[in-house]
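# Here is the input, now give the coordinates:
(chains A and B)
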Amino acid sequence: MSLHVFANFVTPFGTAANNRAETEGNITTLQKLLWLGETHSTVSAEAIRFALRRRLASAESTNREWDEIECVNAWEDPEFKGWSGDKGKTFIDDDLLGFMKADAAKEEGESGSANIRRAVLEVTRAVSLTPWSGDVTFNAASPGATPSAQKKGRNPVPYGTEVHATRYQYGIALTPERLRDKSRAAKAIDALCNLGTVAGNHGRFLFDFSPDVVVLRITSDPAPRLLYSFDTTDNGKTLNADALVKRIDSKDINPKELILGAGDLDSKLVASLKARGVAVFGVKRACEEAVNRINAELKIKG
Amino acid sequence: MLGLYVTVPVACFRKGLAREYLETEPLPPPATCYGFLLSLVGETDRRRHIGARVAPVLISKPATSVVLRTVWRVKKTPLGSSGNTRPDYQQLLTGVELVIWLDSTEEADDGLEQRVRETLANPATISRFGGLSLGESTHLVDEVSLVTSPQTRLADRSGRAFLRAERGRLTLPVWVDHVGSAGTRYVTGDLVETSALTMPLLASMPTISPDY
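The predicted structure follows:
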């Protein structure tokens, strides 16, 4: 059998801004998409993977490292040579997140070549839990504070920033047996449970992506059945998981496969899942429990 | 023939010839559905089930959004060099619900249809890897279940099926050449209104084949 690890993460409530959409005039915009008929802000899977790679570097050395000064990625092994033999040195980020290096054909009519490793850990796009209501803040950059402010001489430069006070939710899928070093599954779960900053306003801004609530599913079922399963009826103050509860009640999901981690153990969300036999813990403890179950299934000593 | 109910919360079924603006097809082409089915059963030889017939039916009305994303193009080494990434717009569909019809009567023994049936009945017996996705790997599939008739939740649903038509208005791939595009093969068809639980006629279902 193949072991599948799925999870759906929900961030705490916070103010998100400047999520890498294109600036329109003096407005820094949010990325948005239509979700259940309304406009929601969104954060790309790539932004989450970027933050995850940085977090993984505290567990093991990574192949790709972001150079803050030059603003480029530096590679330890850009040819991914460590993967050519069974005993080569491999990096945790390549093992979990995959890579691809394609070379064009040298001669007309010949085929090119590609060195590819498919990601073992897949991450979905994060979508805001509440619709975006159109909030924009008005700001002024101090004289000389930015390259465009410098052009304005001694005058401050006004600009607007679209912001969204909300929570985000996103999912993952992981098949740990596919890893070169299977102990890295635990490191991935740990990093996701302690993620920190994702995208946002560079040095000026923090939106915490470490989960406020997480539901993990360890199963042989290839379909997650829990992606984007959280919802809110009070603008993000509290959460419900009605979609997940229905899946449990209809026997699509065995509650024994689920682990819930929640910041507020007195919430209705916790009570509704606990009553159905789901193991409930605080967030960090839930991640530890998931790691223990994965390591036990894979017969890895933690 | 079997039908699968499949949901994909966020998806882009990228048009093969789309470059700067990454447009999406309205529903996953037969070749994309075939790749998803191979992944579901853990098959890594893409030629293993040539001859299977696959017809996707879109039973929801997904909203189309446009996002700006980073696209990689390796123009110079090392890989981290500036200029290897650039922002491009991409269309995204949200709330995709599909029925995918699959038939293996024209395949050799142990066809894909039977393997999918076994996978869904006994997932613990299957060895497979990677997130289950339709289109890009981050566009994870959420639910896969067998369409059994009568299935109450789909009984009142209708949708648009991609079915073969000699002078149809939509051309979608049934085989994709990932190195260049010379070997990519297409079929022409139409999107035909149908109920979610109506099996299509065998002759109207696109056949997975590199030899058109």
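# got the CA coordinates for the longest helix seen in chain B in PDB?
Criterion DSSP state H: the longest helix present in chain B is helix B:30-41. Presented in PDB, the C-alpha positions along helix B:30-41 are these (Å, rounded to 0.1, in the frame of the first residue of the first chain):
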ATOM      1  CA  PRO B  30      -8.800  13.600 -22.500                       C
ATOM      2  CA  ALA B  31      -5.000  13.400 -22.400                       C
ATOM      3  CA  THR B  32      -5.000  15.300 -19.000                       C
ATOM      4  CA  CYS B  33      -7.800  13.000 -17.600                       C
ATOM      5  CA  TYR B  34      -5.800  10.000 -18.800                       C
ATOM      6  CA  GLY B  35      -2.700  11.200 -16.900                       C
ATOM      7  CA  PHE B  36      -4.800  11.700 -13.800                       C
ATOM      8  CA  LEU B  37      -6.200   8.100 -14.100                       C
ATOM      9  CA  LEU B  38      -2.700   6.700 -14.600                       C
ATOM     10  CA  SER B  39      -1.500   8.500 -11.400                       C
ATOM     11  CA  LEU B  40      -4.500   7.300  -9.500                       C
ATOM     12  CA  VAL B  41      -3.700   3.600 -10.200                       C
END
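# Please list the outside residues in contact with the helix or strand just after it.
As assigned by DSSP states H and E, the chain's next helix or strand after helix B:30-41 is strand B:53-58. Here strand B:53-58 makes contact (C-beta atoms under 8 Å, 6 or more residues apart in numbering or on different chains) with B:26-30, B:33-34, B:37, B:96-106, B:159-163, B:174, B:191, B:194, B:196, B:200, B:202, B:204-208. (Glycine included, C-beta is placed from N, CA and C.)
# Narrow those to those in helices?
Using DSSP H, the members of the contacts of strand B:53-58 that fall in helices are B:Pro30, B:Cys33, B:Tyr34, B:Leu37.
# And the strands in the stretch 1-150 of chain A, which stretches?
For the stretch 1-150 of chain A, applying DSSP state E, counting those that start in this stretch gives strands covering A:4-10, A:14-17, A:27-28, A:32-35, A:38-43, A:64-67, A:72-75, A:99-103, A:113-117, A:121-123, A:126-128, A:136-141.
# elements contacting the third one?
It stands for strand A:27-28. Of the remaining helices and strands, those touching strand A:27-28 by 3 or more C-beta pairs under 8 Å, 6 or more residues apart in numbering or on different chains; DSSP states H and E are strand A:157-166.
# mind redoing it with 10 Å?
strand A:136-141, strand A:157-166 (3 or more C-beta pairs under 10 Å, 6 or more residues apart in numbering or on different chains; DSSP states H and E).
# try the fourth one
For strand A:32-35, the helices and strands in contact under the criterion 3+ C-beta pairs under 10 Å, 6+ apart are strand A:38-43, strand A:126-128, strand B:2-11, strand B:63-72, strand B:85-103.
# Report whether the first one contacts chain B.
Yes - shown here: strand A:38-43 in contact with chain B (C-beta under 10 Å from any C-beta of the partner chain) through A:Glu38, A:Thr39, A:His40, A:Thr42.
# who does that strand touch, helix- and strand-wise?
Secondary-structure packing of strand A:38-43 (3+ C-beta pairs under 10 Å, 6+ apart): strand A:14-17, strand A:32-35, strand A:126-128, strand A:157-166, strand A:168-174, strand B:63-72, strand B:85-103.
# Give the burial count for whatever residue of the stretch 151-300 of chain A ends up closest to chain B, as a bare number.
Closest contact between the stretch 151-300 of chain A and chain B, by C-beta to the nearest C-beta, is at A:Ala173 (3.3 Å). Counted by other C-beta atoms under 10 Å in any protein chain shown, the residues lying close to A:Ala173 total 27.
# now B:Ser60
As a burial measure, B:Ser60 scores 15 neighbours (other C-beta under 10 Å).
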